[in-house]
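K.L.:
Sequence first, then the predicted structure:
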Amino acid sequence: MMVTGFPARAALVGMLVVVLPACGYLFGDEGVFRDTSEDYKKAPDMPVIQVPQGKSTEALQEIYPVPPARSSVVRSGEFEVPRPTPLVASGADETVRIQRLGDDSWALIAEAPGQVWPQVRGFLAGAGIGVSRVDARAGVLETGWLQLESAPMNSRFRMRIEQGVQRGTSELHVLQQNQAGEVSSWPERSDNVEQEAEMLRSLAQYIANSADAAPVSMIAEQGIAAGGRISLQEKPDGEPYILLQLPFDRAWASLGRALEKSTFEVKDRDRSQGLYYARFLGPEGGVDEGWFSWLWDVEEEHPHAGDSFIVSMENRGDAGVHIFLRAQDDATELTVRNQQALLSLIKGNIN
């Protein structure tokens, strides 16, 4: 047995000697099946493709653009991590709401633009409404001319989907035009406000009913910014502020509503100067107690409940509206951290 088993064991050892070098050949750094997970570090920079003059560069957009780095909202030199806050402070859970400001109205939707886009297309297809122009990157859909019931002339509609103020939300705007007079371009405002409102209500109801099963359009998601139009920033001297990318009129109205939702009692206001005079009520004002646990440590017991503040707005044109919060009474000690916390509470309620 021992004599006959020796050649078998020798053969096995010989096979191992042959297989082990083969593993290096197959899986080593120079092997056929080598690990490629680190190859991206060696990737060279390639020059941007040059498109002939007069040709469109739309198809050469970045698929995964890297957003610009934002400065921290903690004063330089203070090694304190700012407290994380929920995306939206408001307790409202409606998927779709009709918003109005003056003569303008739009649908505020608690979904990203990439989810809203296929729902709008689904609504038009289900209603048998023909589409004359589609631009997913711009978030624009235009219908053909329609003969509406009891309408004296044909109409067409343009639906525009925009990124909402808060991240992960969208705004849906509808514009209506009559088939009369100049129709080579769209008017600034609808020719028939009632038809515009009816189309907006129908779209909003359809989206609210189909939100749970909505697909996602990656083209619309990439083309329409999804990062929101509001952020917490800081000045060079470290003072925090809210950067809001809205026209001043809408920003002023949105801030007033946000202050009330954030348990601030507005005592006075000066629109010409962009000033709100408000007193912070704290959790007694109706905000969920759990929200405040995000903003302050439990032992702090909401240190500014009952204090008065001046909330000011500075219109910077294309640079947006800057919103500051400062103590109205010089005796009120407002730390940068608590200033950030109060601004975060207001920021989460602006839409």
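P.N.:
Yep, that arrived. Residues are numbered from 1 along each chain as shown.

K.L.:
drop to CA atoms for contacts and neighbour counts, all remaining ones
P.N.:
Fine.

K.L.:
quick one: what helix or strand has Q340 in it?
P.N.:
helix 336-347 (DSSP states H and E).

K.L.:
Alpha carbons only: can I get that helix in CSV?
P.N.:
C-alpha atoms of helix 336-347 as CSV (Å, rounded to 0.1, in the frame of the first residue of the first chain):
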residue,chain,number,x,y,z
VAL,A,336,-23.1,81.0,15.4
ARG,A,337,-24.2,77.5,16.1
ASN,A,338,-27.7,78.6,17.3
GLN,A,339,-27.8,81.1,14.4
GLN,A,340,-27.3,78.1,12.0
ALA,A,341,-29.9,76.1,13.9
LEU,A,342,-32.6,78.8,13.6
LEU,A,343,-31.8,79.4,9.9
SER,A,344,-32.0,75.7,9.2
LEU,A,345,-35.4,75.6,10.8
ILE,A,346,-36.6,78.5,8.5
LYS,A,347,-34.8,77.0,5.5
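
K.L.:
Check which residues of it are buried.
P.N.:
337-347 (16 or more other Cα atoms under 10 Å).

K.L.:
care to break this structure down by domain?
P.N.:
Split into domains by automatic domain parsing, the chain comes to 102-223, 230-347.

K.L.:
and the last one, what's its mean pLDDT?
P.N.:
Just to be clear, that refers to domain 230-347. Averaged over domain 230-347, pLDDT sits at 84.

K.L.:
Quick one: end-to-end length of that domain, please.
P.N.:
One end of domain 230-347 sits 7 Å from the other (Cα to Cα, to the nearest Å).

K.L.:
what's the distance between that domain and the middle of its chain?
P.N.:
21 Å (Cα atoms, centre = their mean, to the nearest Å).

K.L.:
Tell me how many other residues surround D39.
P.N.:
8 (other Cα atoms under 10 Å).

K.L.:
Same check on P236?
P.N.:
Around P236 there are 10 residues (other Cα under 10 Å).

K.L.:
still on that earlier bit, please produce JSON lines containing the buried residues of helix 336-347, extended by distance to Q328.
P.N.:
Formatted as JSON lines, the buried residues of helix 336-347 follow (distance: Cα to Cα, whole Å):
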{"residue": "R337", "distance to Q328": "17"}
{"residue": "N338", "distance to Q328": "15"}
{"residue": "Q339", "distance to Q328": "13"}
{"residue": "Q340", "distance to Q328": "16"}
{"residue": "A341", "distance to Q328": "17"}
{"residue": "L342", "distance to Q328": "14"}
{"residue": "L343", "distance to Q328": "15"}
{"residue": "S344", "distance to Q328": "19"}
{"residue": "L345", "distance to Q328": "18"}
{"residue": "I346", "distance to Q328": "17"}
{"residue": "K347", "distance to Q328": "20"}
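
K.L.:
Out of the domains of the chain, which is closest to L60?
P.N.:
domain 102-223 (12.4 Å; Cα to Cα).

K.L.:
Distance from the chain centre to that closest one, please.
P.N.:
Distance, centroid of domain 102-223 to centroid of chain: 19 Å (Cα atoms, centre = their mean).

K.L.:
hang on, the earlier thing: against which helices or strands is the helix holding Q340 packed?
P.N.:
Contact here means 3 or more Cα pairs under 8 Å, 6 or more residues apart in numbering; DSSP states H and E; on that basis helix 336-347 packs against strand 230-234, strand 240-244, helix 248-261, helix 289-295, strand 321-327.

K.L.:
hey, which of the ones you listed is tucked in deepest?
P.N.:
strand 240-244 (a mean of 24; mean count of other Cα atoms under 10 Å).
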